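>>> Have a look; sequence and predicted model below, questions after that.
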Amino acid sequence: MGQREWGFTMTQWVVVGTGALGMQWAQALHDSGEAVSLYVRDSEAAVVRLQTTQNSQVRELSLPRCQSAKDAGADAVWLLFVKAWQLEPLLRQLQGEGLADDATLIVSHNGLGAGEAYLAQQPNWQVYDLVTTHGAWRQNRYHSVLAGLGQSWIGRRQPTACAGTESSASTESSASTESSAGSVSGSEPPHWLDKLAAAWPPLQWDADIEQRRWRKLAVNCAINPLATLAGGVNGVLRSEEARAQIRAICEEIANVNPMLDADELVAEVQQVIRATAGNRCSMLQDIEAQRATEIDYLNGYVCEQGQQRQVFTRVNCEVAERIRQLELKSGVRSLE
Ligand SMILES: NC(=O)C1=CN([C@@H]2O[C@H](COP(=O)(O)OP(=O)(O)OC[C@H]3O[C@@H](n4cnc5c(N)ncnc54)[C@H](OP(=O)(O)O)[C@@H]3O)[C@@H](O)[C@H]2O)C=CC1
Ligand SMILES: CC(C)(CO)C(=O)C(=O)O
């Protein structure tokens, strides 16, 4: 659906779902004059109506529905703001529907490892990771409320920071190919970046997005399960006991990924706790609403990486297990 008109390239943006973040990005891109459609699974209508709230102002928006991946056009840019555990089924679904062989995908979720092996099998997909500190929640399926403004970074999917993952070879080989959506190399920003950045600033290009993803992983591994187990807002983690657990979690993560510094991770976690002291983290909200959490891609991922690399990650493994027990109790996980 991307068209060249008078020398300008029109970008067709497809936002997946009507999730908390997806709706805010759809609104922002639309406000910026971009062509946006929504790929949703719970409607057959030609148009999807949604609402977004920012600063208590409620706005209504109608966007065309993208009926299937093949309808989006080869040069569409897909925004996949889905839960980590939803990513692989989504990718399989899109591919089954005829997603372009060199599709451009912006992936944004908490944690690491989601759909990694599957993505590695698609060397021609142009995959970008987006990390954001904006906060939003869903008032209902079609209404997203902006909870707090933050910032975002985007970069080309790279081999994982820790050596030796199977995805390395294929992501490297794809990094120098050009897609119809126009990215040329792993370190070069794509032509559509300015439009995305203009829609919801601040958004910065980060050629080393993998390290930023790891730092965000550490923040979520420290705050989400501990605040969930404490059953309170993030501010409960200012206790001495929580501080010791946070340090242990961060030290294990820095041992798994030696490019990280444990003291810096702890400082970043403490800064996020101060900034979000009154928030209930997403994991606690998921447990309370009897939804699956992203634990397998947070402390569960660190635990698995530790086992693979023979690095001690006992605290992350224990924390992951305790959250899985909560999921078992609420019936969103079954015994494996
Ligand atoms: N919300 C926030 O403030 C922040 C969230 N994040 C992370 O970003 C990610 C997205 O978060 P958030 O927006 O809150 O999540 P939501 O659960 O609100 O949104 C996910 C959306 O994706 C849709 N979806 C998933 N799979 C498919 C599919 N196969 N086909 C069509 N639609 C699909 C879901 O539909 P359905 O409802 O039908 O399942 C839902 O609309 C998560 O990893 C989260 O941890 C990170 C920073 C902040
Ligand atoms: C930063 C933090 C912990 C804020 O609550 C978050 O990202 C989440 O809740 O998932």
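The structure has been received and is ready for your questions. Ligands and ions are numbered 1, 2, ... in the order given.
>>> buried stuff in stretch 89-100?
90-91, 94-95, 99-100 (16 or more other C-beta atoms under 10 Å). C-betas here are computed from N, CA, C, even on glycine.
>>> Let me see the ranges of the helices in the stretch 201-336 of the chain.
209-230, 240-256, 262-275, 282-288, 299-309, 314-330 (DSSP state H, counting those that start in this stretch).
>>> quick revisit: so which of the buried residues of stretch 89-100 reach ligand 2?
Residues of the buried residues of stretch 89-100 in contact with ligand 2 (C-beta under 6 Å from any ligand atom): none.
>>> Which member of these is positioned nearest Pro201?
Set against Pro201, the nearest of the buried residues of stretch 89-100 by C-beta to C-beta is Leu90 (27.1 Å).
>>> From ligand 1, how far off is the closest residue to that closest one other than its chain neighbours?
Counting by C-beta to C-beta, 6 or more residues apart in numbering, Leu90 lies nearest to Val82, which is 5.8 Å off, once chain neighbours are set aside. Plainly put, Val82 is 4 Å away from ligand 1 if you go by C-beta to the nearest ligand atom, to the nearest Å.
>>> swap in Leu38?
9 Å.
>>> helices or strands next to the helix or strand where that residue lies in the packing?
Taking DSSP states H and E as the definition, Leu38 sits inside strand 35-39. Here strand 35-39 touches strand 12-16, helix 20-31, strand 57-64, going by 3 or more C-beta pairs under 8 Å, 6 or more residues apart in numbering; DSSP states H and E.
>>> That one vs strand 57-64, what angle?
80 degrees (axes from the mean of the first three to the mean of the last three C-alpha atoms, to 10 degrees).
>>> Name the residues of strand 35-39 that come out as buried.
35-39.
>>> Quick check: which of the helices and strands packed on strand 35-39 is nearest to Cys221?
Comparing the helices and strands packed on strand 35-39 by C-beta to C-beta, helix 20-31 comes nearest, at 20.0 Å.
>>> Quick one: name the residues of the stretch 101-250 of the chain near ligand 2.
Residues of the stretch 101-250 of the chain lying near ligand 2 (C-beta under 6 Å from any ligand atom): 110, 219-220, 223-224, 234.
>>> In the protein, which residue is most central in space?
His109 (1.6 Å; C-alpha atoms, centre = their mean).
>>> hang on, the earlier thing: between the buried residues of stretch 89-100, which sits nearest ligand 1?
Nearest to ligand 1 among these is Leu90, at 3.8 Å by C-beta to the nearest ligand atom.
>>> Assign a three-state SS to Ala45, would you?
Here Ala45 takes the coil state, with states given by DSSP: H, G, I helix; E, B strand; the rest coil.
>>> ok, now which ones touch it?
Under the criterion of C-beta atoms under 8 Å, 6 or more residues apart in numbering, the neighbours of Ala45 are Arg65.
>>> State the distance from it to ligand 1.
Taking C-beta to the nearest ligand atom as the measure, Ala45 falls 14 Å from ligand 1.
>>> Then Val272?
Distance from Val272 to ligand 1, by C-beta to the nearest ligand atom: 11 Å.
>>> Now that residue: closest residue in space, sequence neighbours ignored.
Using C-beta to C-beta, 6+ apart, the closest residue to Val272 is Val219 (5.2 Å).
>>> Next one, pLDDT for that neighbour please.
pLDDT, the model's per-residue confidence, is 98 for Val219.
>>> rewinding a little: just the helices and strands packed on strand 35-39: most buried one?
Neighbour counts (mean count of other C-beta atoms under 10 Å) averaged over each of these peak at strand 12-16, with a mean of 26.
>>> okay, the helices and strands packed on strand 35-39 in CSV with mean pLDDT next?
Output for the helices and strands packed on strand 35-39, formatted as CSV (pLDDT from 0 to 100):
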stretch, mean pLDDT
strand 12-16, 98
helix 20-31, 98
strand 57-64, 98
